[in-house]
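> Dropping a prediction and its sequence here:
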Amino acid sequence: MADAKILATIERSETEQLQISISEYKGRSYLNMRIFYTTDDGATWLPTKKGVTFTPEQLDLLEEAIQDARKEFMAEEA
């Protein structure tokens, strides 16, 4: 597996973060969203089994779901 290109990191706690990255496996590219943890004050971040992987073909569906969620949240605030 090639090195992942991290697109975003979302802090969940002092010892846990969500990393959104693009990586390659067996010649195919994937979008990964995975929880990472640290036991050394953030010097090293290790992956957990908690996560999800998307193929490029699934990104349109994911984007639509995010847009729908955004509309729902905006409607709640109005």
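That came through fine.

> Give me the residue ranges of the protein where confidence is low.
1-2 (pLDDT under 70).

> Which of the helices or strands spans the residue nearest the centre of it?
With distances taken as Cα atoms, centre = their mean, Met33 lies nearest the centre of the chain, 2.4 Å away. Taking DSSP states H and E as the criterion, Met33 maps to strand 28-37.

> partners of that strand, with directions?
strand 16-25 (antiparallel), strand 46-54 (antiparallel) (DSSP bridges).

> Met33 is in contact with Gly51, isn't it?
Yes - the pair Met33 and Gly51 qualifies as a contact (Cβ atoms under 8 Å) at a distance of 5.7 Å. Placement of C-beta: from N, CA and C, glycine included.

> and the residue nearest to the centre of the chain, what are its bridge partners?
Ile20, Val52.

> Just say helix, strand or coil for Asp41.
coil (DSSP: H, G, I helix; E, B strand; the rest coil).

> what about the residue nearest to the centre of the chain, distance to Asp68?
18 Å (Cβ to Cβ, to the nearest Å).

> Then Asp3?
Counting by Cβ to Cβ - Asp3 and Asp68 are separated by 33 Å.

> hmm, back to that, which of the strands paired with strand 28-37 sits most buried?
Highest mean neighbour count among the strands paired with strand 28-37 (mean count of other Cβ atoms under 10 Å): strand 16-25, with a mean of 15.

> what's it in contact with?
1-12, 29-38, 45, 47 (Cβ atoms under 8 Å, 6 or more residues apart in numbering).

> swap the cut-off to 7 Å and go again
Strand 16-25 is contacted by residues 1-2, 4-12, 29-37, 45 when judged by Cβ atoms under 7 Å, 6 or more residues apart in numbering.

> can you list the strands paired with strand 28-37 in JSON lines and add distance to Glu77?
Formatted as JSON lines, those follow (distance: least, Cβ to Cβ, whole Å):
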{"stretch": "strand 16-25", "distance to Glu77": "24"}
{"stretch": "strand 46-54", "distance to Glu77": "27"}
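
> And those strands: which comes nearest Phe73?
The closest of the strands paired with strand 28-37 to Phe73 is strand 16-25. By Cβ to Cβ, the value is 18.4 Å.
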